[in-house]
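Q: Generate coordinates for the sequence data below:
(chains A and B)
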Number of protein chains: 2
Amino acid sequence: MTIAIRKFNASDADFQTQLTAVLAFDASEDASIDHAAAQILAAVKARGDAAVLEYTQRFDRLQADSIAALEIGQEELQLALSQLAPERRAALEAAAERVRDYHQRQKQECGSDGFSYTEADGTVLGQKVTPLDRVGIYVPGGKAAYPSSVLMNAIPAKVAGVQEIIMVVPTPDGVKNPLVLAAAAIAGVDRVFTIGGAQAVGALAYGTATIPQVDKIVGPGNAYVAAAKRRVFGTVGIDMIAGPSEILVICDGTTDPDWIAMDLFSQAEHDELAQSILLCPDAAYIAQVEASINRQLAQMPRHEVIRTSLTNRGALIQVRDMEQACEIANLIAAEHLEISAADPQRWADKIRHAGAMFLGRFSSESLGDYCAGPNHVLPTSRTARFSSPLGVYDFQKRSSMIQVSEAGAQTLGKIAAELAYGEGLQAHARSAEYRLKDVTK
Amino acid sequence: MTIAIRKFNASDADFQTQLTAVLAFDASEDASIDHAAAQILAAVKARGDAAVLEYTQRFDRLQADSIAALEIGQEELQLALSQLAPERRAALEAAAERVRDYHQRQKQECGSDGFSYTEADGTVLGQKVTPLDRVGIYVPGGKAAYPSSVLMNAIPAKVAGVQEIIMVVPTPDGVKNPLVLAAAAIAGVDRVFTIGGAQAVGALAYGTATIPQVDKIVGPGNAYVAAAKRRVFGTVGIDMIAGPSEILVICDGTTDPDWIAMDLFSQAEHDELAQSILLCPDAAYIAQVEASINRQLAQMPRHEVIRTSLTNRGALIQVRDMEQACEIANLIAAEHLEISAADPQRWADKIRHAGAMFLGRFSSESLGDYCAGPNHVLPTSRTARFSSPLGVYDFQKRSSMIQVSEAGAQTLGKIAAELAYGEGLQAHARSAEYRLKDVTK
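A: Predicted coordinates:
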């Protein structure tokens, strides 16, 4: 049974409508989930450890006398690492090293120590960059527990200089994922608690007797976790609330169609809501990719997920030329953008909005997911228009530095007082005027 | 009548409790306000211009046939600028120039063009930095309409390279603030609409027939605006939801006590919830500041606001020494931190968390509010633990760049495939393996 993947042409009269329909995704939150998350957060804020224990027993069927009993020590993390198959351990360590290298470069190039400059009158202005003190990383339990996500969330925090990284991971019925624990050991996570859901978010945001309050919570989670993160935003920092994963492939029609079909699969296999779109100026090539999709599908263990995803949210779109492909890519602002073409840089220069760009035939998205180096936590659902990959900068913040000289206070004081009087803020004006030599109190 | 400002000592047994009580601030949102904002947003999303017109008529008593009739053209902005008193115009222009200079430096030092590096096997990795396309700036109407805020929000966006800046400002009963319009002219705002409230946030977030959709909304607003911004977060970017303004002064006891008293006033005069705290190791000096507060209060036009603010939320805290003052300052993570002391840099080096630091006796906070150069939009309510002043970086975003060479794909492909199989994602693995020379499909 062939896949009924949508096919249309950018020159169709109703192209904009068709594209909007493909991209449409109902991100509205379930009011009952939001309400439940709010109740759990309130209980954790009020009753701390006791509430977290109760919810963990109820939702994860984990019986424990204390939160301390739910902590996984460093020995257990190291044990998980030492018990990995050697080739898997080597791959995980190689990936971690490349991710670390890239993020160290990110820190070095920008944001390691701010700046400072002195004006003619001796006034010094600048910006100081400091790491967050303590960060919480949420790692989902069950099927979506990805060791690569542990690396991608923890390593930038570590590179930024965060002093303490606290990981929470639910272990329903006590089942632990050894790959996740091994990744935590490699990434240098400081403490791990086997708790999850909104209760884990609350514990990290407010702190309990056992779990220290963090300054920011990052990492993916289910709808309850997302609702809880939204609610604690302001008490702590949070990363973006991620939508379904997306790939947009721009291909000039010269890459092996089987490669492109598999790249589309690699996104579609994530879940039924994942989105895979191809933009190509060559109708015959699009037909080849479609044929390859139908030929290769049956071999894939996750073919049911892939079929649903491609049928409901996939699209093969014929464009006038590569220029038009780039214009449409800027509208879509995809999480992952593959430019599978000769001279990919030429087209990359025209792209303003994308989470990550994969240039050339050999840059399959999956390389970026695991080990190219850049982060795989990327803005989804068109948020690449205004947000960035997770990075070292997410674990740093800036403080403005203002040291006005006596001479500087004479010039600046007059300007500030003039504007403060204009805004009706007399104490602001007087405070500036007190620093003027020729003004008496 | 003297002010009953709280006084306590960091060596008190119950110091932590006292400090927590002073800092406590109920940021919980009013459910009815949130509900009203949600309804307004839904109406604007569904009915666009028509809904915005209805709400504007209802809330601002402004009758108009179309949203176009609510747009203020560039001529009117320029007219407002030309009609300013010369000294006020000069002050506003001088402030804008200094703010522009600082933010240009910010762009130059960090974040102007990302980075790129080539590995031994020819793989190129990097980060591309691009400005947002279009930004919305919310400017409150009425008493909190500050022209300085227009400069502080619009100029960093302009410096970042944002193509179009759209300002919304409610004008209840049609009353326009000429200083705000003049500031918009100076800052280079592209379009101005006289709309406000949740309806303006909705119009910017979703776009209407007349008002273009923006990528990010910044700027302060009332509780409805804050609730609406929280709700559209994800559809567009938003800045932080600001809490009450705060100043923390660390003084070694050698600055004129009248200066410090006035600095505390300058924060307290903002509103009844604003917070002013002094940390000082010298009990006699604290008494002098307190006497100065009581002596100077009556002269201040906003003495009632100042009295309420200092009584309910102010504190004069005696510390053991300057080291302890710095430790406490890190707990408070204040929006504005004045270090009014000899050798202020020595103490600044110990500060990890603060929105902006004002070093030395001549750096009164009000200079930073208007014209020192750094932004006056700063993290409040302890959020300086994880967030930064508004800056050029808030109007830029990054894209990861990954160009894997054929040789690179051989090494990376094996690592990625190993990890993908470990995570049960076979299409990811196959997609990487297709790029290996020695693997057949």
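Q: Can you pull out the low-pLDDT segments for chain A?
A: A:27-29, A:110-113, A:143-144, A:439-441 (pLDDT under 70).
Q: Going by neighbour count, which residues of stretch A:162-174 are buried?
A: By neighbour count on 16 or more other C-beta atoms under 10 Å in any protein chain shown, the buried set for stretch A:162-174 is A:162, A:164-171. Backbone N, C-alpha and C define where each C-beta goes, glycine included.
Q: out of the residues you listed, who's nearest A:K437?
A: Of all these, A:K437 sits closest to A:V162, with 45.6 Å by C-beta to C-beta.
Q: quick one on the thing from earlier: for the buried residues of stretch A:162-174, give me TSV that also has distance to chain B.
A: Below are these laid out as TSV (distance: C-beta to the nearest C-beta, whole Å):
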residue	distance to chain B
A:V162	11
A:E164	13
A:I165	14
A:I166	14
A:M167	18
A:V168	18
A:V169	15
A:P170	18
A:T171	17
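Q: Secondary structure for those - can I get that in TSV?
A: TSV is the format used below for those (DSSP: H, G, I helix; E, B strand; the rest coil):
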residue	secondary structure
A:V162	coil
A:E164	strand
A:I165	strand
A:I166	strand
A:M167	strand
A:V168	strand
A:V169	coil
A:P170	coil
A:T171	coil
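Q: show me where the stretch 51-200 of chain A has strands.
A: In the stretch 51-200 of chain A, the strands defined using DSSP state E, counting those that start in this stretch lie at A:71-72, A:115-118, A:124-131, A:134-138, A:164-168, A:191-193.
Q: Could you list every helix and strand in contact with the second one?
A: When you say that, I think you mean strand A:115-118. In terms of contacts (3 or more C-beta pairs under 8 Å, 6 or more residues apart in numbering or on different chains; DSSP states H and E), strand A:115-118 is packed against strand A:124-131, helix B:86-109.
Q: ok, back up a step: pick the most buried one from the strands of the stretch 51-200 of chain A.
A: Mean neighbours per residue, mean count of other C-beta atoms under 10 Å in any protein chain shown, is largest over those for strand A:134-138, with a mean of 27.
Q: winner for burial among the helices and strands packed on strand A:115-118?
A: strand A:124-131 (a mean of 21).
Q: and that strand with helix A:86-109, angle?
A: 170 degrees (axes from the mean of the first three to the mean of the last three C-alpha atoms, to 10 degrees).
Q: What pairs with strand A:124-131, parallel or antiparallel?
A: Using DSSP bridges, strand A:124-131 pairs in its sheet with strand A:115-118 (antiparallel), strand A:396-403 (antiparallel).
Q: Could I get the strands of the stretch 51-200 of chain A in JSON lines, plus columns for distance to A:E54?
A: Formatted as JSON lines, the strands of the stretch 51-200 of chain A follow (distance: least, C-beta to C-beta, whole Å):
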{"stretch": "strand A:71-72", "distance to A:E54": "18"}
{"stretch": "strand A:115-118", "distance to A:E54": "50"}
{"stretch": "strand A:124-131", "distance to A:E54": "34"}
{"stretch": "strand A:134-138", "distance to A:E54": "20"}
{"stretch": "strand A:164-168", "distance to A:E54": "16"}
{"stretch": "strand A:191-193", "distance to A:E54": "15"}
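Q: Which among these is found nearest to A:F386?
A: Nearest of those (C-beta to C-beta): strand A:124-131, 21.7 Å.
Q: what's in contact with that closest one?
A: Identification of contacts with strand A:124-131 by C-beta atoms under 8 Å, 6 or more residues apart in numbering or on different chains yields A:111-119, A:160-163, A:395-403, A:405, B:102, B:105-106, B:109, B:348, B:352-353, B:357, B:359, B:372-374, B:391.
Q: where's that strand relative to the chain centroid, distance-wise?
A: Distance, stretch centre to chain centre, for strand A:124-131: 25 Å (C-alpha atoms, centre = their mean, to the nearest Å).
Q: Also stretch A:256-273?
A: 21 Å.
Q: That stretch vs chain B: in contact?
A: Yes. Shown here: stretch A:256-273 in contact with chain B (C-beta under 8 Å from any C-beta of the partner chain) through A:256, A:258-259, A:262-263, A:265-266, A:268-270.
Q: Whether stretch A:34-54 contacts chain B - can you check?
A: No. On the criterion C-beta under 8 Å from any C-beta, stretch A:34-54 is out of touch with chain B, staying 10.1 Å away.
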